[in-house]
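Enquirer: heads up, no residue letters with this:
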């Protein structure tokens, strides 16, 4: 006689409970993460791990895949507004909050990195931070980093948000915020939601005007970065500032 761990009915073994399947999948995914780290997992699997905490009794794999299919990239997903994410079918407020907490932690960690030494020593982290910092990847926005004499990070602020292809910059607000930080240098950053990071004629002219306004106030523009979907353009590297 062989022992069967499942009760038999009509000589057949009943199907495994779905909750048991979910529990086993979750534990296997957790084990893979602990053993091999985040880089060994697919993006949707990382989302699953985050959503486990907010949605404890549901298979979240279809939701994680649907989120990535809709928003295309993790960055596009995490930079959405919390209220907008909460409206995504199946996510809700708890799920949206868990995703925004992940973004917040990434921002804090990157901010610590760029604060350790002169900010221009960390171009990749600076770009990564700016991508996370923009509240929406679908409209053009203008971000300013404020620096001291040694080029160390003092703070940053989004000063303008516009349409898909345009944003209006106010030099007075740049100056006012620079004085509040007692900053002597700034890095300008704006995004091109359409994808191409190549500066327009208006981008170049605006930068020249800002240099003209800020130089007498002894506030130096250290760089102006344009962030596209896949690349970044540096005015400093191109010799514009």
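Expert: Noted; the coordinates are in hand. Fair warning: this is a prediction, and the values are worked out from it, not measured in the lab.

Enquirer: following the longest helix along the chain, which helix or strand comes up?
Expert: Counting by DSSP state H, the longest helix found in the chain is helix 92-115. Scanning forward in sequence from helix 92-115 by DSSP states H and E, the next helix or strand is helix 123-133.

Enquirer: Assign residue 146 to helix, strand or coil.
Expert: Under DSSP: H, G, I helix; E, B strand; the rest coil, the three-state class of residue 146 is strand.

Enquirer: And the pLDDT at it?
Expert: Listed pLDDT for residue 146 reads 96.

Enquirer: Give the bridge partners for it, please.
Expert: Taking DSSP bridges as the rule, residue 146 bridges to residue 155, residue 186.

Enquirer: quick one: contacts for it?
Expert: The neighbours of residue 146, taking C-beta atoms under 8 Å, 6 or more residues apart in numbering as the test, are 153-157, 177-178, 181, 183, 185-186. (Glycine included, C-beta is placed from N, CA and C.)

Enquirer: Which other helices and strands does the helix or strand containing residue 209 contact?
Expert: For residue 209, the enclosing helix or strand under DSSP H and E is helix 201-214. Judged by 3 or more C-beta pairs under 8 Å, 6 or more residues apart in numbering; DSSP states H and E, helix 201-214 is in contact with helix 171-181, strand 185-191, strand 220-227.

Enquirer: Mind doing that once more with 7 Å?
Expert: strand 220-227 (3 or more C-beta pairs under 7 Å, 6 or more residues apart in numbering; DSSP states H and E).

Enquirer: Could you chop this protein up by domain?
Expert: Structural domains assigned to the chain are 18-107, 118-238, following automatic domain parsing.

Enquirer: Burial-wise, tell me which of these comes out on top.
Expert: domain 118-238 (a mean of 17; mean count of other C-beta atoms under 10 Å).

Enquirer: start to end distance for that one?
Expert: This stretch, domain 118-238, spans 20 Å end to end (C-alpha to C-alpha, to the nearest Å).

Enquirer: repeat for stretch 117-127
Expert: 16 Å.

Enquirer: circling back to that earlier point, list the contacts of the helix holding residue 209.
Expert: 169, 171, 221, 224, 226, 235, 240-241 (C-beta atoms under 7 Å, 6 or more residues apart in numbering).

Enquirer: list the contacts for the spatially closest residue to residue 235 that is not a sequence neighbour?
Expert: What sits nearest to residue 235 in space, not counting adjacent residues and going by C-beta to C-beta, 6 or more residues apart in numbering, is residue 224, at 3.9 Å. Residue 224 makes contact with 188, 207, 235, 241, according to C-beta under 7 Å, 6+ apart.
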